[in-house]
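Asks: Here is a sequence together with a model predicted from it:
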There are 2 protein chains.
Amino acid sequence: MEATTTLRERKKEATRQALHEATLRLALERGLDAVTVDAVADEAGVSRRTFSNYFANKEDALLHGDRVRVSRLLEQVRARPLDEPPWRALTEATARHYAAVGAVDPNWLAQVRLLRRHPSVLAQQAAAQTALEQELAAEIGARDPGHPDEPMRSRIMAAVFLATMRTATGLWVEQPRGVSLSEAVRAGLDRAAERFA
Amino acid sequence: MEATTTLRERKKEATRQALHEATLRLALERGLDAVTVDAVADEAGVSRRTFSNYFANKEDALLHGDRVRVSRLLEQVRARPLDEPPWRALTEATARHYAAVGAVDPNWLAQVRLLRRHPSVLAQQAAAQTALEQELAAEIGARDPGHPDEPMRSRIMAAVFLATMRTATGLWVEQPRGVSLSEAVRAGLDRAAERFA
DNA sequence: ATCAAACTTGCACAGTGTGCAAAGTTGCCC
DNA sequence: GGGCAACTTTGCACACTGTGCAAGTTTGAT
């Protein structure tokens, strides 16, 4: 668990995190539209130019946390055995992911609620998902060797999986009923696996 | 079919269309990044300020055609009887939509190919889909009255439908095999309706 | 013909993203 | 340690963007 990180790398990560948090803090405080890149850079103690060295724009900085979480989930999927059927690999990886993450971080909840209102963030988030979709499809395809209609099946399965995660999470965030997020997502995935026709 | 359109409305539509086409033309010719809003406005014979009266940005202008098509598809869905099971309503509406549209417009094909490369367009497109998802979910819910776990089911079905449309269209655009687009989409939808687990 | 409503335009202005070069840090080998 | 290459931060300049505002033009209705 203790990778050899040089001082340089640690500093970079700290700056990236500081910028991310500064963006989130200011956005929650005054609304994303009223936040300038200048203000974020100030808050994080770096120059505007440095902000641009780390993130393409405010939305990108805001979604940094999301990206980290998503890459963890993807690792969980990659860790599943290659002979496991793909849908099972996805649901198992998801369960393990939530188990590893533990309770919901209130910062994250605030972030997601903010997101759902804001078209520009939503757009960026959706674009990120499309990229992820490619990688997931590759993992699925690897667990479905010689299936008659690849790559259609794996691409659709990846899309369905992500759409369901997004939907179930979204509903839970709006209305967290008795169940935990993890259970809500699991229920959504089971729903999605059923036959529609 | 002959709505009373005033001169004003017709002129506005013409301007909007001209801006859309100018954007597409220039983007194909020199790449979207190298296209400025100024250039588009010039090409369409209006001022930069007027461009902004119609579209929020280049991507928005580029996707105008998409929006029109999507709203037609949505109309087809709305036209399906309320007692039809939701998934069937979606697939039927899709079939009718493609029948009504007819052969694939080469302009559109060029546009889609351009899109798939470009993150910023992709982002905008994905955001538009999210909005559409809400409306589709409403139509689905209306055809599923009193289902035990609404709104989860309708939201997921809408998401799955859209994800499948996007995936199937994407694959077909990259590699149009013997089949027509309409058939490719139909095949994708059938795939998505199956049980994964 | 008249006039209000709707549309277009130019201008000003704050904000953004990026190339470039100078200044500052860090890692590493002797 | 000293020295040097690799990397990072910063400031500056610059083209581009999106929007409020007010003045000008066109359209629709009477």
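Replies: Good, I have the coordinates.
Asks: gap between the closest residue to A:Leu132 other than its chain neighbours and A:Arg25?
Replies: Nearest residue to A:Leu132, sequence neighbours excluded (Cβ to Cβ, 6 or more residues apart in numbering or on different chains): A:Val70, at 5.9 Å. For glycine as for every other residue, the C-beta is placed from the backbone atoms N, C-alpha and C. Noted for A:Val70: a distance of 22 Å to A:Arg25, by Cβ to Cβ, to the nearest Å.
Asks: Between those two, which is the more surrounded one?
Replies: Applying other Cβ atoms under 10 Å in any protein chain shown to A:Val70 and A:Arg25 shows that A:Val70 carries more neighbours, namely 20 against 16.
Asks: Find the nearest non-adjacent residue to the residue of chain A found nearest chain B, please.
Replies: Here chain A gets closest to chain B at one residue, A:Ala126, 2.9 Å apart by Cβ to the nearest Cβ. Spatial nearest neighbour of A:Ala126, chain neighbours left out: B:Ala126 (2.9 Å); criterion: Cβ to Cβ, 6+ apart.
Asks: Equivalent analysis for A:Asp144, please.
Replies: A:Pro86 is the one closest to A:Asp144 (Cβ to Cβ, 6+ apart), at 5.4 Å.
Asks: Name all residues that make contact with the one you found.
Replies: With contacts defined as Cβ atoms under 8 Å, 6 or more residues apart in numbering or on different chains, the neighbours of A:Pro86 are A:Glu139, A:Ile140, A:Arg143, A:Asp144, A:Ser154, A:Met157, B:Phe196.
Asks: pLDDT value on it, please?
Replies: Looking at A:Pro86, its pLDDT reads 93.
Asks: What are the contacting residues of the one helix or strand A:Glu183 maps to?
Replies: According to DSSP states H and E, A:Glu183 maps onto helix A:181-193. The contact list for helix A:181-193 (Cβ under 8 Å, 6+ apart) reads A:87, A:90-91, A:94-95, A:98-99, A:104, A:160-161, A:163-165, A:167-169, A:171-172, A:177, A:179, B:149, B:152-153, B:156, B:160, B:195-197.
Asks: quick one: the helix-or-strand element of chain A with minimal mean pLDDT near chain B?
Replies: Every helix and strand of chain A was ranked by mean pLDDT, DSSP states H and E. The lowest is helix A:106-117, at a mean of 82. No. Judged by Cβ under 8 Å from any Cβ of the partner chain, helix A:106-117 makes no contact with chain B; its nearest approach is 9.6 Å.
Asks: just checking, what packs against the helix or strand just after that helix?
Replies: Using DSSP H and E, the next helix or strand after helix A:106-117 towards the C-terminus is helix A:119-142. Other elements packing on helix A:119-142 under the criterion 3 or more Cβ pairs under 8 Å, 6 or more residues apart in numbering or on different chains; DSSP states H and E are helix A:58-62, helix A:64-79, helix A:86-101, helix A:106-117, helix A:152-174, helix B:119-142.
Asks: my guess is A:Lys58 meets A:Asp33, correct?
Replies: No. Counting by Cβ atoms under 8 Å, A:Lys58 sits too far from A:Asp33 to count as a contact (9.4 Å).
Asks: For those two, work out which one has more neighbours and name it.
Replies: The neighbour comparison of A:Lys58 against A:Asp33 (other Cβ under 10 Å) goes to A:Lys58, with 22 against 10.
Asks: do you know how far the more buried one is from DNA strand D?
Replies: Look at A:Lys58 and DNA strand D: by Cβ to the nearest atom of the strand, to the nearest Å, they are 13 Å apart.
Asks: mind listing what's buried in stretch A:136-144?
Replies: A:Leu136, A:Ala137, A:Glu139, A:Ile140, A:Gly141, A:Arg143, A:Asp144 (16 or more other Cβ atoms under 10 Å in any protein chain shown).
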